[in-house]
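A.B. asks: Structure, please.
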Amino acid sequence: MLNVSGPDQRNAQKGAWLSMAAYLVLSLLKCWTGLHIQSEAMFADGLNNVSDLLLSFAILIGLKVSQQPADHNHPFGHRKAETIATLVAASFMVLVAVEIWVRAVQAVWRPPQNEVHPWAFAVSFGSALVMFGVSYVNFSLSKKTGSQALEAAACDNRSDGLVSLGTAVGMAGAYWGWHWMDPLLAVVVGGMIFKTGWEIGRPAVDELMDGFDQEKLEKIEQEVLKISGIDQVRELRARYHGPYVFVEITIAVNPYLSVEESHEITEKVEKQLIGFDNIRHVHVHVEPAGELKKCIRSL
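C.D. replies: Okay, here's the model as predicted:
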């Protein structure tokens with residue numbers, strides 16, 4: 001069984017906790033402000049941050065589960081829980097984008113709001129600044145830890161910042177009589193969020209289906225062929241397990257080598273690949289090269 005957890009995952013959890021803290025404060029502030037100034041839009045935005053709080057909690061659970069060591073039922077570990085959390089975050093962003101588009105269409109047919117309370121503008125603009133700051137911190141942590149789920153959380157933070165900024169600009173436009181600005185910005189912001197969700201979700205789906213980039217496979221093959229004693233790479237497969245790569249490879253060697261000599265070559269392959277391009281586990285199968293292999297198979 002493999003143990004692929006590490007301190008990076010514990011550092012990644014700090015970003016999830018930061019998101020939860022920010023969403024908790026903003027949801028309380030927006031709901032209180034919405035009730036105080038009797039703004040249904042502001043109160044609804046506060047409830048939206050409650051759903052963001054739940055999403056951050058789901059990402060935190062995914063990070064915690066992925067940190068668990070391998071066991072008998074999960075001999076390769078639990079790192080794909082982080083990929084599942086990434087997919088959940090991406091799906092949530094796509095749903096938010098669709099909701100924004102629906103509200104934009106409805107706003108076209110709604111009568112314009114004549115009065116914009118200064119508190120509503122201040123809270124929306126302040127929320128945008130807070131979420132952009134949280135997004136920056138989480139992006140930095142995701143690069144440091146290699147956490148896909150935290151990167152997805154950072155993108156969600158940025159999306160919420162864009163929504164709040166769009167709301168603030170829309171309020172400013174309504175104040176100056178430009179009521180068309182709010183639905184227009186909503187369409188643009190929704191498109192940006194949808195694009196981000198797609199870009200995050202598609203690799204997560206591909207990873208869960210054990211997809212792997214062909215160019216990276218060719219690089220791995222070239223690394224293996226640098227080792228003396230290997231005549232050919234007959235089969236090479238790789239898949240992601242969280243941020244790590246697991247490799248299965250079949251090599252052809254001199255058929256007259258002893259078992260011990262063949263084993264030494266497999267150890268050289270493992271030593272060459274472990275750590276290369278984030279490879280964590282290598283399984284090597286040895287076959288005889290040349291005509292001897294055909295003779296053996298014909299028996």
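A.B. asks: what mean pLDDT does the helix or strand hosting residue 159 have?
C.D. replies: Per DSSP states H and E: residue 159 is located in helix 148-175. Taken as a whole, helix 148-175 has a mean pLDDT of 80.
A.B. asks: got the buried residues for stretch 199-208?
C.D. replies: 200-201, 203-204, 207 (16 or more other CB atoms under 10 Å). Heads up, the C-betas are built off the backbone N, CA and C, glycines and all.
A.B. asks: Same question for stretch 257-276.
C.D. replies: 257, 262, 265-266, 268-270, 272-273.
A.B. asks: want to throw the residues you listed into a markdown table with secondary structure and pLDDT?
C.D. replies: As requested, the buried residues of stretch 257-276 are exported to a markdown table (DSSP: H, G, I helix; E, B strand; the rest coil; pLDDT from 0 to 100):
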| residue | secondary structure | pLDDT |
| --- | --- | --- |
| 257 | coil | 90 |
| 262 | helix | 92 |
| 265 | helix | 93 |
| 266 | helix | 93 |
| 268 | helix | 93 |
| 269 | helix | 95 |
| 270 | helix | 94 |
| 272 | helix | 92 |
| 273 | helix | 94 |
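A.B. asks: can you give me the mean pLDDT across the host helix or strand of residue 55?
C.D. replies: Using DSSP H and E, residue 55 sits in helix 40-66. The average of the pLDDT scores along helix 40-66 is 76.
A.B. asks: Can you pull the poorly scored residue ranges out of the stretch 151-299 of the chain?
C.D. replies: 174-175, 179, 181-182, 291-299 (pLDDT under 70).
A.B. asks: can you give me the helices in it?
C.D. replies: 181-208, 214-225, 259-273, 291-298 (DSSP state H, counting those that start in this stretch).
A.B. asks: roughly how far is stretch 238-256 from the heart of the chain?
C.D. replies: A distance of 25 Å separates the C-alpha centroid of stretch 238-256 from that of its chain, computed with CA atoms, centre = their mean, to the nearest Å.
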